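# model this:
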Amino acid sequence: MIAIVRFQAAAYVRSLRILPPLIVIALVVVLVLLQGPSGPKASDLAVGTFGDVAAFMFPVWAWAARGLLDTQPDEQRALTTSAARHRSAPVWAGLSAAYLVNLGLGLVALAVPLVHAVSLGSPGSAVAAGCALNALAAVAGTLLGAWTSRAVLPSSGTSLLVLIGGAAALVLFGLGPLSPLSVPMIDWLRAAHDGPDTFAADFPGIALHLALWAGLVGAAYVATDRFRS
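Next up is the predicted model:
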């Protein structure tokens, strides 16, 4: 499986499909994040930036995951499935490759906010929670992108609409009674901007919500993708 992960990640990079999300992230870093927070509450604002980055990166992670999983032609995908020792290995390898690439994209987006938070003396617990939040949100974004990949939705136009609509729906669900079914984006944004202490205290609940959501959605994807392989 490690060989398949390396193969898919390398193919995504060599095909230059990584450039569009990377360029978007670089623009946001230069135009928005590079300035950094200022004022008497700069330390608190620096912690809030971790929540903002996770919210911004969620659809970008989904976009990147979809691009990586769609890089492999259908014929090559079939050969990989046939050659793998376990039928589920290519599915897990694809998800792993997409997540590792998304972690790299997340590091690019988080580098400047992390430097700002440390230099401004933000509490270590809040900084650690911010980094962990982005790692967990990257899992959710990767799974959303996987559900819109060609293995599930053969039509590229339909998959793009589902990706955009799915990301928007998950945000809207978080505003109403269906919030348990959604990614807790509203919750983590509110907690991150309520101050470092509130963010650190609320993070375990947010992390549990993300983990349960990712577990259910990921299990459904693996079952569906294996069936279609």
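
# where does pLDDT dip in the protein?
74-87, 225-229 (pLDDT under 70).

# how far out from the middle of the chain is the longest helix seen in the chain?
In terms of residue count, the longest helix belonging to the chain (DSSP state H) is helix 196-228. Counting by C-alpha atoms, centre = their mean, to the nearest Å, helix 196-228 is centred 11 Å from the centre of its parent chain.

# and that helix, what does it pack onto?
In terms of contacts (3 or more C-beta pairs under 8 Å, 6 or more residues apart in numbering; DSSP states H and E), helix 196-228 is packed against helix 42-69, helix 89-119, helix 124-147, helix 185-193. Bear in mind the C-beta positions are built from the backbone N, C-alpha and C, glycine included.

# got a list of what the spatially most central residue of the chain touches?
The centroid of the chain falls nearest to residue 138 when counting by C-alpha atoms, centre = their mean (2.4 Å). Applying C-beta atoms under 8 Å, 6 or more residues apart in numbering to residue 138 gives the contacts 57, 61, 99, 102-103, 106.

# now, the most widely separated pair of those residues?
Greatest spatial distance among these (C-beta to C-beta): 57 and 99, at 12.8 Å.

# of the two, who's got more company?
residue 57 (26 against 23; other C-beta atoms under 10 Å).

# chain neighbours aside, what residue packs nearest to the residue nearest to the centre of the chain?
Of all residues not flanking residue 138 in the chain, residue 102 sits nearest, at 4.6 Å (C-beta to C-beta, 6 or more residues apart in numbering).

# and that neighbour, what does it touch?
Residue 102 makes contact with 61, 64-65, 138, 141-142, according to C-beta under 8 Å, 6+ apart.

# ok, now how distant is it from residue 44?
Distance from residue 102 to residue 44, counting by C-beta to C-beta, to the nearest Å: 27 Å.

# show the end-to-end separation of stretch 178-190, please.
With C-alpha to C-alpha, to the nearest Å as the measure, stretch 178-190 spans 18 Å from end to end.

# list the buried residues of it.
179, 182-189 (16 or more other C-beta atoms under 10 Å).

# before we move on, what about stretch 33-51?
Buried residues in stretch 33-51 (16+ other C-beta under 10 Å): 33, 36-37, 42-51.

# need those residues in JSON lines (columns: distance to residue 27).
What follows is the buried residues of stretch 33-51, written out as JSON lines (distance: C-beta to C-beta, whole Å):
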{"residue": "33", "distance to residue 27": "10"}
{"residue": "36", "distance to residue 27": "17"}
{"residue": "37", "distance to residue 27": "19"}
{"residue": "42", "distance to residue 27": "23"}
{"residue": "43", "distance to residue 27": "26"}
{"residue": "44", "distance to residue 27": "26"}
{"residue": "45", "distance to residue 27": "21"}
{"residue": "46", "distance to residue 27": "21"}
{"residue": "47", "distance to residue 27": "23"}
{"residue": "48", "distance to residue 27": "21"}
{"residue": "49", "distance to residue 27": "16"}
{"residue": "50", "distance to residue 27": "19"}
{"residue": "51", "distance to residue 27": "20"}
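
# I'm done for today, thanks for sticking with me.
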